[in-house]
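Undergrad: build me a model:
(chains A and B)
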Number of protein chains: 2
Amino acid sequence: MDKLSELRPIFYPRALAVVGVSRDERKFGGLFLKALLDFGFKGKIYPVNPAGGEILGLKTYPSVRDIPGPVDLAAIMVPAALVPAALEDCLAKGVKGAEVFTSGFAETGDERARALERELTRIAGRGIRIVGPNCFGIYCPGSGLTLLPGGNFPRESGPVAFITQSGGHAVEFAWEARGRGFSFSKVISYGNGCDLNESDLLEYMAQDDETKIVAMYIEGPREGRRFAQLVRELAPRKPVIIWKAGLTRIGERAVHSHTASLGGEEAVWDALFKQTAAVPVHSLEELADTVLGLLHLPASTGRRVGVIGGGGGVSVAAADACDRVGLDVPPFDGDVQQRLREILPAVGTSLRNPVDIGVPLVRAQAFEQVLESVASADCVDTIIATQAMFHVLGGTFGPPPGKRERFIQGLVETPARVRDRSGKPIVIVLPVGGDELKMVEAEKGRREIRDQYLSMGIPFYPTLERAARAVANVATYYAKVG
Amino acid sequence: MDKLSELRPIFYPRALAVVGVSRDERKFGGLFLKALLDFGFKGKIYPVNPAGGEILGLKTYPSVRDIPGPVDLAAIMVPAALVPAALEDCLAKGVKGAEVFTSGFAETGDERARALERELTRIAGRGIRIVGPNCFGIYCPGSGLTLLPGGNFPRESGPVAFITQSGGHAVEFAWEARGRGFSFSKVISYGNGCDLNESDLLEYMAQDDETKIVAMYIEGPREGRRFAQLVRELAPRKPVIIWKAGLTRIGERAVHSHTASLGGEEAVWDALFKQTAAVPVHSLEELADTVLGLLHLPASTGRRVGVIGGGGGVSVAAADACDRVGLDVPPFDGDVQQRLREILPAVGTSLRNPVDIGVPLVRAQAFEQVLESVASADCVDTIIATQAMFHVLGGTFGPPPGKRERFIQGLVETPARVRDRSGKPIVIVLPVGGDELKMVEAEKGRREIRDQYLSMGIPFYPTLERAARAVANVATYYAKVG
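TA: Numbering: from 1, shown residues only, chains lettered A, B, ... in the order given. Below is the predicted model:
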């Protein structure tokens, strides 16, 4: 069976049994039920509680076997020792899949707990697919399924899938995405991966039309060879971004007590990233930065960048940061320098690349001309421009209060126009510029500007370093997939 | 003459001539005058304008020579070609120092401009010390002197000196410091450094009692040997943190068009950092992070860290991040693990190090016990604890709205107490946790919490990666100065 059909009952269950619900709404079972109701789960919900009664207005059933209608998925949160029996009930009922939230399996390092996890794997082999144990389960806006802690996630679907061994990262990444303006097709926290593992889930995402980009957090894959083969095939078609944790000595030890995974040698991973178009990243931040870049930047995004900043020090820092991540900042030829000379004053500026416009910001018209000039350079594939808007938002530079909005608006509308005319991708850096408590209004303004950029498909980053790294990751991806 | 006496008229001028003021208050001269008046410059101000007249209620003088009283410092912003004549006037008047804001000297790469800069150096040799050219000058809260763009800087003095070739970085770093709760003794943007260079300024800071920590942004030092000797002598007494820019190939080129400095070879700088206790950093962010650490962390801050986080993925990322910057995360012995076992549930947690408390946050009492247990470990010098307060501030975890404040307050007061009892330094990580526009209130809450931590001398960082790097920098410093 293809993965799409096989896992459909798990991602789009028509009916869900929640196993391990007490009458106390503040316990995990109750919180999860409430989250499902709030989030708007589209199927039927059957709470299971041997003590009977009602919870949140829903009738409970003593066992999964007692549920009247068919059940596609079971969310299981009974104590570890009781999980096998709950799964047996699911098998008897014909339930297709289970997400086992319960911890206390192989990750404890205890031999009995490891044996218990092996038992789950054996049960899975008899006809039920398991997500977990030791996980937060599945978030799928399309079916209204949400992760264990609920978390008030966005209702809208989007093009990004996140496959993660860490439930905490699942929640954090979903939070992070809100500020970056992207949404998810699916987020799966699969914990110890006793049955469904990263390879199964990647195979599903390869077939899932809703998913355009796959982000992954992996502690240790179960089937290395199969995983590498899947990545090799998929990455040219849909970007696969992998945060492989536990590659350091100390990290590997931490991985072992988190999901009982074997960390895997760095050399093996280096080879995977060399031989495939998968993009390696090293933090949640870089994962989000790279997703954002891949969502908005075209295949023509290359390593030869034109950099625009205000102030010589900013330009030097930009040059260093670009060089460190392997971007090139080629000097402009005489023609481009001449064009810039006609726009910018001769002193206090630099016209070579990086371009130093001499002040934190110039007016929209001059900014547009500078962008046009840099975009006209044959040696430039991609443009990174820093806009120190915090100076205007904080009132230390630029026009007086009444004229600030128009000044900013003019600047914000410029890059998309130049991008569309020149065909060259533009990335904007919007520094926070000081985060004193009383400057929180300026931060609000910065987020508004950022959201406007996102709506125009212009990726933004808070620092040049992060912009440079994201551009380098995107350029490397497109260079590989040709 | 000792540097303190020699440069006193520059940092604490009793009278300041502002040379290059038109009657237009919106031009640089006018803006600078207004900034001085707003900031509260404590000496006399004499605007110089050949056209005569008044500006901002101040009488102007045709030339520095025409000023009636004595003048200590001149701020010069006439066009480059007129700077030598202005300096001659200053010499004739007996002015002790000049900050030359004007650009258009060696940094242009033009031979005539380079010759003009050499002329400034020659004039300086005849008895006036010059800061600049191509700079933003001096910020010294103690005398009420502020940088060229004014920038509404804090009025209070503090223990940090910042010596920088970039005026932009001077302004940005001063902004950045506000959110970190530290202030400056002096900030000097010295641009091309045609006379007073990093060595002179470092020598001054060595003698300046107000300065306890020296931060530097250097593109290329003029007197390498002298500089190395000064750093060697000073660093054991006052931390010297150096951001050397232009160490990459592209960065070096950018340095040349910014301040006409020679970048200098990486090997030379590696040797400096190896042979002295100077702390190398690679961005403005890391500079601020390290200053913050050195301000608050004691000499006992070591590389063996105990890490506390909520969630296994967070712990794994923490372990990787620590390992990458050379921190050790030693596993706890049985006793410490036993103590932790009595506080935390057996499943969903990890008790080895990093400690995974299993949920984003635990109540203050449990948090205190966890901190105490980790502090009791002989193998731990320093503690890094992540507090995912954004979950409570955003309302997705923890107590209901009415009880949030007390819950948070309890947590915030805990680390300083444990630090004081155990004598072990504690660093807090406060993640932003999503920066959606509508979450700006949560960001305000985060800044309030952060400011409380700062008032208790607990350094905070927004990410574990940054906390780990700052701790590593501080630990390296103290290991060197023994």
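Undergrad: flag every residue of the stretch 351-482 of chain A that's near chain B.
TA: Counting by CB under 8 Å from any CB of the partner chain, the positions of the stretch 351-482 of chain A adjacent to chain B are A:352, A:354, A:356, A:360, A:390, A:394-397, A:431, A:433-437, A:439-440, A:443-444, A:447-448, A:451, A:463, A:465. All C-beta atoms are positioned from the backbone trio N, CA, C, and that covers glycine.
Undergrad: could you turn the buried ones of these into a PyMOL selection?
TA: The buried residues among those can be selected in PyMOL (16 or more other CB atoms under 10 Å in any protein chain shown) with this line:
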select buried, chain A and resi 352+354+356+360+390+394+396+397+431+433+434+435+436+439+440+443+444+447+451+463+465
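Undergrad: take the residues of the stretch 351-482 of chain A next to chain B and keep only those in helices.
TA: A:390, A:440, A:443-444, A:447-448, A:451, A:465 (DSSP state H).
Undergrad: just send these back as JSON lines, with distance to residue B:196 too.
TA: Shown next, in JSON lines, are those (distance: CB to CB, whole Å):
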{"residue": "A:390", "distance to residue B:196": "30"}
{"residue": "A:440", "distance to residue B:196": "38"}
{"residue": "A:443", "distance to residue B:196": "37"}
{"residue": "A:444", "distance to residue B:196": "41"}
{"residue": "A:447", "distance to residue B:196": "41"}
{"residue": "A:448", "distance to residue B:196": "43"}
{"residue": "A:451", "distance to residue B:196": "45"}
{"residue": "A:465", "distance to residue B:196": "31"}
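Undergrad: lowest pLDDT pick from those?
TA: pLDDT across those is at its lowest for residue A:390, which sits at 89.
Undergrad: just give the nearest non-adjacent residue to it, would you?
TA: Nearest non-adjacent residue to residue A:390, counting by CB to CB, 6 or more residues apart in numbering or on different chains: residue A:433, 2.9 Å away.
Undergrad: so that neighbour touches residue B:177, yeah?
TA: No - counting by CB atoms under 8 Å, residue A:433 stays clear of residue B:177, with 11.8 Å between them.
Undergrad: can you give the domain ranges for chain A?
TA: A:3-293, A:299-481 (automatic domain parsing).
Undergrad: which stretches of chain A have low pLDDT?
TA: Residues of chain A meeting the criterion pLDDT under 70: A:1, A:151, A:261-264.
Undergrad: so which residue is smack in the middle of it?
TA: With distances taken as CA atoms, centre = their mean, the residue of chain A nearest its centroid is residue A:288 (4.6 Å).
Undergrad: now do the contacts for it.
TA: Residues near residue A:288 by CB atoms under 8 Å, 6 or more residues apart in numbering or on different chains: A:173, A:176-177, A:180.
Undergrad: mind checking what helix or strand follows the helix or strand hosting it in sequence?
TA: Assessed by DSSP states H and E, residue A:288 sits inside helix A:284-296. The first helix or strand that comes after helix A:284-296 along the chain, using DSSP H and E, is strand A:305-309.
Undergrad: for that next one, output the C-alpha coordinates as PDB.
TA: Provided in PDB are the C-alpha atoms of strand A:305-309 (Å, rounded to 0.1, in the frame of the first residue of the first chain):
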ATOM      1  CA  VAL A 305      25.700  38.500  -3.200                       C
ATOM      2  CA  GLY A 306      25.400  42.300  -3.400                       C
ATOM      3  CA  VAL A 307      25.300  43.700   0.100                       C
ATOM      4  CA  ILE A 308      23.700  47.100   1.000                       C
ATOM      5  CA  GLY A 309      24.100  48.600   4.500                       C
END
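Undergrad: any idea how far the helix or strand following it is from the chain center?
TA: Moving toward the C-terminus from strand A:305-309, the next helix or strand (DSSP H and E) is helix A:312-324. A distance of 27 Å separates the centroid of the chain from that of helix A:312-324, by CA atoms, centre = their mean, to the nearest Å.
Undergrad: and helix A:312-324, what does it pack onto?
TA: With contacts defined as 3 or more CB pairs under 8 Å, 6 or more residues apart in numbering or on different chains; DSSP states H and E, helix A:312-324 has these neighbours: strand A:305-309, strand A:355-356, strand A:382-386, helix A:464-481, helix B:167-180, helix B:249-259.
Undergrad: name the residues that touch the shortest one?
TA: Applying CB under 8 Å, 6+ apart, the external contacts of strand A:355-356 come out as A:306-312, A:314-315, A:340, A:344, A:348-350, A:370, A:374, B:257-258.
Undergrad: what is the burial count for residue A:328?
TA: By other CB atoms under 10 Å in any protein chain shown, 17 other residues sit near residue A:328.
Undergrad: returning to what we had before: now distance to residue B:140 too, for the domains of chain A, in CSV please.
TA: As requested, the domains of chain A are exported to CSV (distance: least, CB to CB, whole Å):
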stretch, distance to residue B:140
domain A:3-293, 37
domain A:299-481, 19
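Undergrad: let me see the contact set for residue A:187.
TA: For residue A:187, the contacting residues are A:138-140, A:147, A:161-162, A:164, A:170, A:173-174, by CB under 8 Å, 6+ apart.
Undergrad: OK, contacts around residue A:148?
TA: Residue A:148 makes contacts with A:28, A:32, A:77, A:101, A:135-137, A:167, A:189, as judged by CB under 8 Å, 6+ apart.
Undergrad: so which of those reach chain B?
TA: Restricting the contacts of residue A:148 to those adjacent to chain B (criterion: CB under 8 Å from any CB) gives residue A:167.
Undergrad: the contacts of residue A:148 in strands, which ones?
TA: In this view, those that belong to strands under DSSP state E are A:137, A:189.
Undergrad: distance to residue B:21 and neighbour count for the contacts of residue A:148 - can I get that in JSON lines?
TA: Formatted as JSON lines, the contacts of residue A:148 follow (distance: CB to CB, whole Å; neighbours: other CB atoms under 10 Å in any protein chain shown):
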{"residue": "A:28", "distance to residue B:21": "70", "neighbour count": "16"}
{"residue": "A:32", "distance to residue B:21": "69", "neighbour count": "24"}
{"residue": "A:77", "distance to residue B:21": "73", "neighbour count": "23"}
{"residue": "A:101", "distance to residue B:21": "71", "neighbour count": "29"}
{"residue": "A:135", "distance to residue B:21": "68", "neighbour count": "28"}
{"residue": "A:136", "distance to residue B:21": "64", "neighbour count": "29"}
{"residue": "A:137", "distance to residue B:21": "68", "neighbour count": "28"}
{"residue": "A:167", "distance to residue B:21": "63", "neighbour count": "26"}
{"residue": "A:189", "distance to residue B:21": "64", "neighbour count": "28"}
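Undergrad: of the contacts of residue A:148, which is the nearest to residue B:332?
TA: Of all these, residue A:167 has the smallest distance to residue B:332: 23.9 Å, by CB to CB.
Undergrad: so the closest one touches residue A:138, yeah?
TA: No - assessed by CB under 8 Å, residue A:167 is found out of contact with residue A:138, at 10.9 Å.
Undergrad: tell me the residues that contact both of the two, please.
TA: Residues touching both residue A:167 and residue A:138 by CB under 8 Å, 6+ apart: A:147, A:189.
Undergrad: show the contacting residues for the residue nearest to residue A:390.
TA: Residue A:433 sits next to A:388-391, A:394, A:442, B:172, B:175-176 when contact means CB under 8 Å, 6+ apart.
Undergrad: and residue A:86, by the same measure?
TA: The contact partners of residue A:86, taken as CB under 8 Å, 6+ apart, are A:19-20, A:64, A:74, A:76, A:78, A:98.
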